[in-house]
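Engineer: show me the folded form of this:
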Amino acid sequence: MGRRNGTSAGSTAAARAASAEGGRPVVPGPGGTHPAGPADPVDAARLREAEAAENFPVALRVLPARHRRRLRAVYDVVRTIDDLGDEGGGTPAERTAALEAFRADLHAAAPAIPAVRRLAAVAPDLPVAPFDRLLDANVHDQHTVTYDTWDQLLGYCALSADPIGRLVLAVFEVPADGEIEHASDAVCTALQILEHLQDVREDRGRGRIYLPAEDRAAFGVVEADLDRPTATPTLRALVRHETERAEQLLDAGAPVVGALRGWARIAVAGYVAGGRAAADALHRVDGEVLGRAAEAALSRRRDVLRHLSTLLLRARPAPTVSGRPRRTIAASGRPVLAARRARSRPDLPRPTPRSCR
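Structural biologist: So this is what the prediction gives:
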């Protein structure tokens, strides 16, 4: 479930949740200022269109309707936050004000924004803290447009991507577990980085660069190279390098699939498979993310299914290892026994979360 994708309609960031029109609340949202009616079918239809255009699957069709509704409710809030931070006109200060207005509505006892109301209706048990971190990431985007180092980028992903994995685990009522959360963070960071690589041209159009400056310098890539119609050999080499880094993160986080059971395992395996298919797409274009941007962003369905089946087959736990059982987590949140893996934790350096403000 990628955090960003710029294919939906733009938003008017200057709208305010506290304003009113015709006696009904007016909310900031993609498509401009609009009354927040009880159903708001236009808003819902826009979000379903945006979901269909995402780089990664939001909710696999095989999942039960209850889980799909909850995942889509999370997606609608996340997507609305991103649209407020990314799309449309307005100054950074105006977009920041719109994001903070959304935050206030998210914490309100009676929210006015349609996406927040839907979330409260179908998933009232979800924590609000991950949404706050996503809002912090979008506020951060208003004044930070590039990153000097890989570690700084990972710190940003701790705000912009990792909270989504925590929300997915909460959707399936998986209890807090340090190892599972750490693996989930690795997967989400990888998905975010792969999406940045697919969207190099789009991000550059917004004035943002998610290729760390130290890596650009090491590969001989200058900012002007990002404005060319086609990628230079050095830029393609850099994209290949960053793709391999993202794949290493996916490898580090993939054990989370084996630590889950039931629908949680299938859903999370779908996200990991989507990341591997995105990496496949980047490899197919050999790092040409400018002249072949559309192809770079196109994950083939058969690749997703191939990786999904492999992940699920490999995730089957062995009965025991040296007679010492390992705990896995079912979708119900109840612990079950399985074999202890030789490596209980993905080999991933933990980025220190930053406020990024």
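Engineer: list the buried residues for stretch 132-144?
Structural biologist: 133-142 (16 or more other C-beta atoms under 10 Å). For every residue, glycine as well, the C-beta is placed using N, CA and C.
Engineer: go on, stretch 271-287?
Structural biologist: With burial defined by 16+ other C-beta under 10 Å, the residues of stretch 271-287 counted as buried are 271-282, 285, 287.
Engineer: which one of the residues you listed sits closest to Ala259?
Structural biologist: Val272 (12.2 Å; C-beta to C-beta).
Engineer: ok but the closest one is inside a helix, no?
Structural biologist: Yes. Per DSSP: H, G, I helix; E, B strand; the rest coil, Val272 lies within a helix segment.
Engineer: quick check: end-to-end length of stretch 210-227?
Structural biologist: Stretch 210-227 has its terminal residues 14 Å apart, counting by C-alpha to C-alpha, to the nearest Å.
Engineer: how far away from the center of its chain is it?
Structural biologist: Offset of stretch 210-227 from its chain centre (C-alpha atoms, centre = their mean, to the nearest Å): 24 Å.
Engineer: need the contact partners of that stretch.
Structural biologist: The contact list for stretch 210-227 (C-beta atoms under 8 Å, 6 or more residues apart in numbering) reads 146-150, 152-153, 193, 196, 200-201, 203-204, 209, 231-232, 234-235, 237-238, 241-242, 290.
Engineer: can you rerun that using 7 Å?
Structural biologist: Applying C-beta atoms under 7 Å, 6 or more residues apart in numbering, the contact partners of stretch 210-227 are 146-150, 152-153, 196, 200, 203-204, 209, 232, 234-235, 237-238, 242.
Engineer: list the buried residues in that stretch.
Structural biologist: Across stretch 210-227, burial judged by 16+ other C-beta under 10 Å covers 210-212, 215-216, 219, 221, 225-226.
Engineer: tell me the average confidence for that stretch?
Structural biologist: Mean pLDDT, computed over stretch 210-227, is 98.
Engineer: what does stretch 73-88 give?
Structural biologist: Averaging pLDDT along stretch 73-88 gives 88.
Engineer: and what of stretch 162-173?
Structural biologist: Confidence for stretch 162-173, expressed as mean pLDDT, is 96.
Engineer: stretch 293-307 now?
Structural biologist: 92.
Engineer: can you give me the buried ones in that stretch?
Structural biologist: 293, 296-299, 303-304, 307.
Engineer: name the helix or strand for the nearest residue to Ala293 once chain neighbours are set aside, please.
Structural biologist: Nearest non-adjacent residue to Ala293, counting by C-beta to C-beta, 6 or more residues apart in numbering: Arg201, 5.1 Å away. Assessed by DSSP states H and E, Arg201 sits inside helix 200-205.
Engineer: after that helix comes which helix or strand?
Structural biologist: Following helix 200-205 in sequence order, the next helix or strand is helix 213-219 (DSSP H and E).
Engineer: and the next helix or strand past the helix or strand encompassing Arg240?
Structural biologist: Following DSSP H and E, one finds Arg240 within helix 233-253. Counting by DSSP H and E, the next helix or strand C-terminal to helix 233-253 is helix 255-258.
Engineer: quick one: mean pLDDT over stretch 181-199.
Structural biologist: Here the average pLDDT along stretch 181-199 is 97.
Engineer: with stretch 145-158 instead?
Structural biologist: Taken as a whole, stretch 145-158 carries a mean pLDDT of 97.
Engineer: quick one: which of the buried residues of stretch 210-227 is nearest Ala170?
Structural biologist: Among these, Tyr210 lies closest to Ala170 (C-beta to C-beta), at 26.8 Å.
Engineer: what does the helix holding Arg201 rub up against?
Structural biologist: If you take C-beta under 7 Å, 6+ apart as the criterion, helix 200-205 is touched by 6, 196, 209-210, 226-227, 289-290, 293.
Engineer: mind putting the residues you listed in a markdown table, distance to Ala101 included?
Structural biologist: Listed next are those as a markdown table, based on distance: C-beta to C-beta, whole Å:
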| residue | distance to Ala101 |
| --- | --- |
| Gly6 | 22 |
| His196 | 27 |
| Ile209 | 28 |
| Tyr210 | 26 |
| Leu226 | 33 |
| Asp227 | 34 |
| Val289 | 34 |
| Leu290 | 36 |
| Ala293 | 33 |
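Engineer: of those, closest to Ala259?
Structural biologist: Closest to Ala259, out of all of those and judged by C-beta to C-beta, is His196, at 26.9 Å.
Engineer: contact partners for that closest one?
Structural biologist: Contacts of His196 were listed using C-beta under 7 Å, 6+ apart, and they are 203, 210.
Engineer: contacting residues around the strand or helix carrying Leu169?
Structural biologist: Applying DSSP H and E as the criterion places Leu169 in helix 162-171. Applying C-beta under 7 Å, 6+ apart, the contact partners of helix 162-171 are 1, 3, 67, 70-71, 74, 78, 123, 126-127, 130, 133-134, 180-181, 184-185, 187-189, 267-268.
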